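1. starting from these lines, generate the structure:
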Amino acid sequence: MARRFSYRIPTLIIVFALVVAAVLAFRGVGHWLIREDLLRPADVIVVLSGGMPWRAEEAARLFRLGDAPEVWVSQPEAPVAELGAMGIEYLGEDYFSREVLVHSGVPEADVRVLQEPIVDTQEEVAEVAREMRREGKTTVIIVTSPQHTRRVKLLWQKLAGGTPTAIIRAAFQDPFDRDHWWHNTRDAFSVVRELMGLINAWAGLPVHPKPA
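-> The predicted structure follows:
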């Protein structure tokens, strides 16, 4: 009996250690998802779709600091034609992001909306890299939400490689609670989405933005 009990002690210690590690990992994932680069001058600042108005506000702040001479805004895919057929004008997220930029001090002439509609971050990153190469630009500051930064950085590495260079920056105006992300559905869904996106990227992007 004593020998059997002595075998159980190491097992209990291992189980306890695994539980503690799992709890710490669960609580720390909000911090782990945030992966910023050091800020330095660039050719252009890009506002990724979503996180409105915080991403556009942060991009405007960086523009005012002189970190880049222009700001690009991506254009999410939207049912423009379908709504237009009903006589309904759809302005789109890109319209409001541009309005936030202008309101925050970016001259309208220095704001450009990318013309290729995108459905997700993978398409967004690919479009930005393509436009950067087409225009001969070498460095871009990409502004997104804090919890989105790690996935954006990974996607850039996979889709764009080392050239052009991307500087990933977080819009900390976004109310993402990195310390208690499981306390509300917005942050919880956001964390789950980021983890699923990271798994897809690590697996070689087998899940595509659009049907083949």
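2. and the residue lying closest to residue 70 once chain neighbours are set aside, how many neighbours?
-> Using C-beta to C-beta, 6 or more residues apart in numbering and skipping the chain neighbours, the partner closest in space to residue 70 is residue 110 (4.7 Å). Where you see a C-beta, it was placed from the backbone N, CA and C, and this is true even at glycine. Applying other C-beta atoms under 10 Å, we find 16 other residues in the vicinity of residue 110.
3. does residue 110 touch residue 64 like I think?
-> No: the pair residue 110 and residue 64 fails to qualify as a contact (C-beta atoms under 8 Å) at a distance of 11.1 Å.
4. before we move on, back to that, how close does the residue nearest to residue 70 sit to residue 90?
-> Here residue 110 is placed at a distance of 25 Å from residue 90 (C-beta to C-beta, to the nearest Å).
5. same thing with residue 168?
-> 30 Å.
6. leaving out the residues flanking it, which one is nearest to residue 38?
-> residue 167 (7.5 Å).
7. so the one you found touches residue 40, yeah?
-> Yes: with contact defined as C-beta under 8 Å, residue 167 counts as touching residue 40 (6.5 Å).
8. neighbour count: those two, which is higher?
-> residue 167 (22 against 10).
9. pLDDT below threshold where in the protein?
-> Low-confidence segments of the chain, defined by pLDDT under 70: 1-26, 211-212.
10. that one: strands as residue ranges?
-> Along the chain, counting by DSSP state E, strands occupy 44-47, 71-73, 111-113, 139-144, 165-170.
11. among these, which is nearest residue 86?
-> Evaluated with C-beta to C-beta, the strands of the chain place strand 111-113 nearest to residue 86, the distance being 23.4 Å.
12. distance check, the residue nearest to the spatial centre of the chain against residue 51.
-> By C-alpha atoms, centre = their mean, the chain has its centre lying nearest to residue 148, at 3.2 Å. Separation of residue 148 from residue 51 (C-beta to C-beta): 7 Å.
13. just the helices from the chain, written as ranges.
-> Here the chain has its helices, by DSSP state H, at 2-32, 54-64, 80-85, 93-103, 121-134, 149-159, 185-202.
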